[in-house]
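Participant: Next come a sequence and a model predicted from it.
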There are 2 protein chains.
Amino acid sequence: MPDIAREFELIRRFFDRQQASEHIVLGIGDDAAVTEVPPGYQLVTATDTLVATTHFEPDADPVSIGHRSLAVNLSDLAAMGAEPRWVSLALTIPALDESWLEDFASGFFALAERTGVTLIGGDTVRGPLAITVTVQGLVPHGTAITRAGATPGDFLYVTGYPGAAAFARSHPDHELAHCFEFPEPRLEAGDALRGIASAMIDISDGLDSDIRQLLQASNVGADIDLHRLPVAASIDSQLGFLAGAELAMFGGEDYELLFAVSGEHRRKLREQINAWTVPVTEIGKVVAADGLRWLLDKGVYTPQQQEFRHFV
Amino acid sequence: MPDIAREFELIRRFFDRQQASEHIVLGIGDDAAVTEVPPGYQLVTATDTLVATTHFEPDADPVSIGHRSLAVNLSDLAAMGAEPRWVSLALTIPALDESWLEDFASGFFALAERTGVTLIGGDTVRGPLAITVTVQGLVPHGTAITRAGATPGDFLYVTGYPGAAAFARSHPDHELAHCFEFPEPRLEAGDALRGIASAMIDISDGLDSDIRQLLQASNVGADIDLHRLPVAASIDSQLGFLAGAELAMFGGEDYELLFAVSGEHRRKLREQINAWTVPVTEIGKVVAADGLRWLLDKGVYTPQQQEFRHFV
């Protein structure tokens, strides 16, 4: 077997796991995958790329890289209220490093198996380390939660502790390190919020930037009280209140959910969230006036930081 | 508007073309796209990555890069007999070069519009130049053409002129240059071959390698006559017969279709192919014995070249 064919076998060994799954007619190994969308469902598709240096350190734990490359995509599906089903993996690697591949695959598949996602295809090519994942999911007809449905009077909620991922990225030995290395896509919350949330987005660029995206899509504004931001206690104690709040606003890479709920559905939400594994915090309110206002002690607060990234 | 927001606007300008399309519930601009697979159809999904240096020269014409990044994926759908519908584009670029982006988008969208494909989402990130495209298409229930259906006695066919792309890559000023720069996905042929071809694959790695993939999936062998390989006349005259044939066998990047047709369906094929824009050539026959035999003047021919790539 020539070296090249041996390399091919190696890749196949790590990724060609024939996971049996309903609705998969043809998985890995042909020119394309063939799947079935069951009657009454719509297809939901998201794509995200992680590039070494830009999105993670080149020498980062490959288990974490495998996890994150899938997690950031699952987070997009969670933000639509969709249930993930199938995933395609495009992996660009500088060289064939068996141990790296094994760790990457273990991080990727641990999350895939836990969330019921089956790898149906992909491509492995040689080049600078980067991963593009495309995930496909299902949502009952007409129930996808977009960014566009928030109306004045809605309450705004966020899952988890925004800012923790950014803190963890710069403090890799901290107890919060997993918040950056192993973000947990909020699929359970996203799923439960169909019929409850009027609009939803996942937080990838930071609360400030992503709330603005939701407000713009909904053509509304919002008032958010800095004191209500759920900053992790260890960040608050290390950085202080304002720096911790700004990290939540501008840090990014949290992959938490931000969503709006009408007064009518607020009780339904409160009944549900106690059963969720992720904490949920009410942080503010949707208003008719354009724009996002951060409020502090009854005044408008002007953040010290600017959005630090968009195109990364 | 900070520089970063301006950059974001730039990207949006080139790629956020709101193409109206049936079955698209939600296109670009939310966390994920929402689409509908009509009743009676199955979903077909393929992903391919092109990386600078590996798959094209970094200074290659961006119009060609845009075209190829979509074409190689459409070719996978053609090989299933599927009709492409939706595409996601993950673009990694080292810097924001407005003129490069404009040309890339023009190559990408010219092919997308011509083949009825709508961009439904994607991601633009900073890093070494690379493009991952995921294309989704439809096929009537149960009619996808896999690699696995060839049986002894079937005839083998190939579209176009394999080897022309490899020749063109090393002769960028030649009249055949478009064969590498602007490969034409054989969607018309693929579509027409549902119900006719027993097995099909697209040629990305070279005839030799890809025929073997089809034979292995079908658990059969094949005899192919070197004299029947459709080598472009200008390659034949420049390289000579054997070198031209070996280029067809090992050159790769042709994105032509190789398919098997039973004796029963051979007449149906012959009635159809005259109407196609792409030439089709019968090159050999499927046999029960394992393996691929290249035949020359009634003997078995042993190629001088080895497969030159698998993992690229």
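Facilitator: Yep, it's here.
Participant: Next up, the contacts around residue A:161.
Facilitator: Neighbouring residues of residue A:161 by C-beta atoms under 8 Å, 6 or more residues apart in numbering or on different chains: A:179, A:230-232, A:235, A:248, A:254, A:256, A:279. Glycine gets a C-beta too; all of them are placed from N, C-alpha and C.
Participant: Try it again at 6 Å.
Facilitator: A:230, A:232 (C-beta atoms under 6 Å, 6 or more residues apart in numbering or on different chains).
Participant: cool, and residue A:71?
Facilitator: A:183, A:185.
Participant: What separation do you get for it and chain B?
Facilitator: Separation of residue A:71 from chain B (C-beta to the nearest C-beta, to the nearest Å) stands at 14 Å.
Participant: Show me what counts as buried in stretch A:284-294.
Facilitator: The neighbour-count check on stretch A:284-294 (16 or more other C-beta atoms under 10 Å in any protein chain shown) flags A:284-287, A:292, A:294 as buried.
Participant: so for it, what's the average pLDDT?
Facilitator: Stretch A:284-294 comes out with an average pLDDT of 97.
Participant: now swap in stretch A:136-146 and tell me
Facilitator: On average, stretch A:136-146 scores 98.
Participant: Report the buried residues of that stretch.
Facilitator: Under 16+ other C-beta under 10 Å, the buried positions of stretch A:136-146 are A:136-139, A:144-146.
Participant: now it, how far from the centre of its chain.
Facilitator: How far stretch A:136-146 lies from its chain's middle: 16 Å, per C-alpha atoms, centre = their mean, to the nearest Å.
Participant: Kindly check the end-to-end length of that stretch for me.
Facilitator: End-to-end span of stretch A:136-146 (C-alpha to C-alpha, to the nearest Å): 16 Å.
Participant: And the contacts of it?
Facilitator: Under C-beta under 6 Å, 6+ apart, the answer for stretch A:136-146 is A:40-42, A:44-45, A:77, A:80-86, A:194, A:197, A:200, B:30, B:34.
Participant: now swap in stretch A:243-261 and tell me
Facilitator: For stretch A:243-261, contacts defined as C-beta under 6 Å, 6+ apart pick out A:75, A:79, A:150, A:154-160, A:162-163, A:165-167, A:183, A:186, A:189, A:193, A:197-203, A:205-208, A:226, A:229, A:231, A:235-236, A:269, A:286, A:303, A:305, A:308.
Participant: chain center to it: distance?
Facilitator: On C-alpha atoms, centre = their mean, the centre of stretch A:243-261 falls 12 Å from that of its chain.
Participant: pLDDT of stretch A:91-108, averaged?
Facilitator: Per-residue scores along stretch A:91-108 average to 94.
Participant: From the rest of the structure, what touches it?
Facilitator: Here stretch A:91-108 has contacts from A:7, A:14, A:62-63, A:65-67, A:70, A:124-125, A:127, A:129-131, B:49, B:51, using C-beta under 6 Å, 6+ apart.
Participant: So which of these are in strands?
Facilitator: A:124-125, A:130-131, B:49, B:51 (DSSP state E).
Participant: now residue A:259: how far from chain B?
Facilitator: 11 Å.
Participant: Neighbouring strands of the helix or strand hosting that residue in the sheet, and parallel or not?
Facilitator: Following DSSP states H and E, the helix or strand that holds residue A:259 is strand A:256-261. Taking DSSP bridges as the criterion, strand A:256-261 pairs within the sheet with strand A:155-159 (antiparallel), strand A:197-203 (antiparallel).
Participant: what's the distance between the first one and the middle of its chain?
Facilitator: The chain centroid and the centroid of strand A:155-159 are separated by 16 Å, computed with C-alpha atoms, centre = their mean.
Participant: sorry, back to before: identify, from the contacts of stretch A:91-108, the entry nearest to residue B:26.
Facilitator: residue A:70 (22.1 Å; C-beta to C-beta).
Participant: can you count the residues close to the nearest residue to the closest one once chain neighbours are set aside?
Facilitator: Leaving aside its sequence neighbours, residue A:70 sits nearest to residue A:111 (C-beta to C-beta, 6 or more residues apart in numbering or on different chains; 5.0 Å). Residue A:111 has 22 neighbours, counted by other C-beta atoms under 10 Å in any protein chain shown.
Participant: Just the ones of the contacts of stretch A:136-146 in strands?
Facilitator: Those of the contacts of stretch A:136-146 lying in strands (DSSP E): A:41-42, A:44-45, A:83-86, A:197, A:200, B:34.
Participant: Just put these in CSV and tack on distance to residue B:96.
Facilitator: CSV is the format used below for the ones in strands among the contacts of stretch A:136-146 (distance: C-beta to C-beta, whole Å):
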residue, distance to residue B:96
A:41, 38
A:42, 34
A:44, 29
A:45, 26
A:83, 36
A:84, 32
A:85, 35
A:86, 33
A:197, 34
A:200, 30
B:34, 29
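Participant: What about those residues, which one has the most neighbours?
Facilitator: Most surrounded of the ones in strands among the contacts of stretch A:136-146: other C-beta under 10 Å gives residue A:200, at 30 neighbours.
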